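In: Predicted model and sequence below, questions to follow.
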Amino acid sequence: MDYISELWTSRTPQEFVAAQSDIVRESVEIALEGSRRIADLSLKVAEETGKQIK
């Protein structure tokens, strides 16, 4: 979705805040997904390393 155009076409403060909220929500979701991927990869690496040490 084109959030920047939503910001520019907002007619009321409520519409503007809603558009900002959408941007923040999407950014947080992307950050959380990235964190999950990093955690999964870290766990996989730790497990593989543990197998090699044994």
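Out: Now that the structure is in, tell me what you want to look at. What you see is a predicted model, and the numbers here were worked out from it, not measured in a lab.

In: now the longest helix along the chain: how far from the chain's centre is it?
Out: Taking DSSP state H as the criterion, the chain has its longest helix at helix 13-53. Centroid separation between helix 13-53 and its chain, computed with Cα atoms, centre = their mean, to the nearest Å, is 5 Å.

In: and that helix, what's its mean pLDDT?
Out: Over the span of helix 13-53, the pLDDT mean works out to 95.

In: what packs against that helix?
Out: helix 3-9 (3 or more Cβ pairs under 8 Å, 6 or more residues apart in numbering; DSSP states H and E). C-betas here are computed from N, CA, C, even on glycine.

In: Can you give me the pLDDT of residue 1?
Out: 57.

In: now swap in residue 10 and tell me
Out: 94.

In: which residue is nearest the centroid of the protein?
Out: residue 30 (1.6 Å; Cα atoms, centre = their mean).
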